[in-house]
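> Please work out how this folds:
(one chain, ligands or ions: 2)
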Amino acid sequence: MYVIFLIGTAGSGKSLLTSAFSDWLRMKRQDVISVNLDPGVRHLPYAPDVDVREHISLDEIMERYMLGPNGGLVLASDLIATEIDSIRVEVEEYNADYVVVDTPGQMELFAFRQSGLYIANELTSDPKAILYLFDAAFSSSPLNYVSNMFLATAVRNRFFLPQLYVLSKVDLLPSKTVNEILNYGRRVGALENAIERELTGSTRLMSRSVMRLISSLGLSFSLIPTSSKSERGFISLHSFLMRIFAGGEEVI
Ligand SMILES: Nc1nc2c(ncn2[C@@H]2O[C@H](COP(=O)(O)OP(=O)(O)OP(=O)(O)O)[C@@H](O)[C@H]2O)c(=O)[nH]1
Ligand SMILES: [Mg+2]
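Residues are numbered from 1 along each chain as shown. Ligands and ions are numbered 1, 2, ... in the order given. This is a model prediction of the structure:
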């Protein structure tokens, strides 16, 4: 099984990409399951094969421990770790080619708490990769783009798994803007120019320093442009994943 975790800021398109990319893989005759790790989600655009909400009830936790929605979610996320053995059995029973894992809306619950790392490690021992989503509309400002670089680097620093960077929802932007964002990832100079052009004062100074620091770590952010509405970019996404998982070989 190849396990793909989708991580990104709130509303960046994780759930719809889980749905659309799983459907696309199924169309390619791959055996795929989707896993929902968000205990707080009310509606999903897909029917998860494995759903953490069947193990943990956010409402019950809020009630029992008298917590608000955020405190409840924090506790719920930590409690998933205690259920991981039965979740693993469920996942392994499917013995699918791909396991696409949708993570909680508030990315810090999964990405920055110890329980998230534990869950990622314990879910299965099969090969894993992370798709980190840059929301296209959000990332078109160089300030937000740099914030996303920072978050993506923090995720990498936490999991140390192979990580791909996805520019999500590109159908919402004109292609000129999409290309500008892609250039930020291709050439540090393009991002630097945008920072100089569009930002001022200490925001400019800080963004430039953070960008240089991250570049000096040797991390590159070649974003794969995708749309879950049009399936744009799914072929590239799949081939990058194959490069990670199977050295270019198809699963079947
Ligand atoms: N046009 C367009 N809209 C998208 C795309 N992907 C997601 N959306 C929309 O963006 C909104 C958020 O998408 P979700 O998939 O729920 O994002 P998420 O990251 O799972 O959100 P949370 O789990 O709440 O943090 C929804 O209204 C989606 O329909 C896309 O590729 N194109
Ligand atoms: Mg979601």
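
> Tell me which residue lies farthest from the centre of the protein.
The centre of the chain is farthest from one residue, Gly201, which by CA atoms, centre = their mean lies 31.7 Å away.

> May I ask you to confirm that Ile84 is in contact with Tyr118?
Yes. Taking contacts as CB atoms under 8 Å, Ile84 lies within contact range of Tyr118: 7.2 Å. C-beta: built from backbone N, CA, C; applies to glycine.

> Between these two, which is the more surrounded one?
Taking neighbours as other CB atoms under 10 Å, Ile84 and Tyr118 compare with Ile84 leading, 18 against 14.

> show me the residues around Phe159 that make contact.
When contacts are counted by CB atoms under 8 Å, 6 or more residues apart in numbering, Phe159 touches 5, 111, 117, 120, 130.

> Can you tell me which residues in the protein are near ligand 2?
Within the chain, the positions near ligand 2 by CB under 5 Å from the ion are 14-15.

> how about the residue in the chain positioned nearest to ligand 2, secondary structure?
Going by CB to the ion, ligand 2 is nearest to Ser15 of the chain, at 3.3 Å. Secondary structure assignment for Ser15 (DSSP: H, G, I helix; E, B strand; the rest coil): helix.

> Test my guess that it contacts Leu44.
Yes. Ser15 lies in contact with Leu44 (CB under 8 Å); the separation is 5.6 Å.

> Which one's more surrounded, the two?
Applying other CB under 10 Å to Ser15 and Leu44 shows that Ser15 carries more neighbours, namely 23 against 17.

> still on that earlier bit, mind checking how far the residue of the chain closest to ligand 2 is from Asn157?
For Ser15, the distance to Asn157 (CB to CB, to the nearest Å) stands at 25 Å.

> ditto for Tyr94
Tyr94 is 31 Å from Asn157, by CB to CB.

> out of these two, which sits in the more crowded spot?
Neighbours per residue (other CB under 10 Å) separate Tyr94 from Asn157, with Tyr94 holding more: 15 against 11.

> I'd like to know how far the more buried one sits from Met66.
Separation of Tyr94 from Met66 (CB to CB): 37 Å.

> Low-confidence stretches in the stretch 1-150 of the chain?
Of all residues in the stretch 1-150 of the chain, none has pLDDT under 70.

> mind listing the helices for it?
Assigned by DSSP state H, counting those that start in this stretch, the stretch 1-150 of the chain shows helices spanning 14-27, 58-64, 69-82, 84-94, 107-111, 114-123, 136-139, 142-159.
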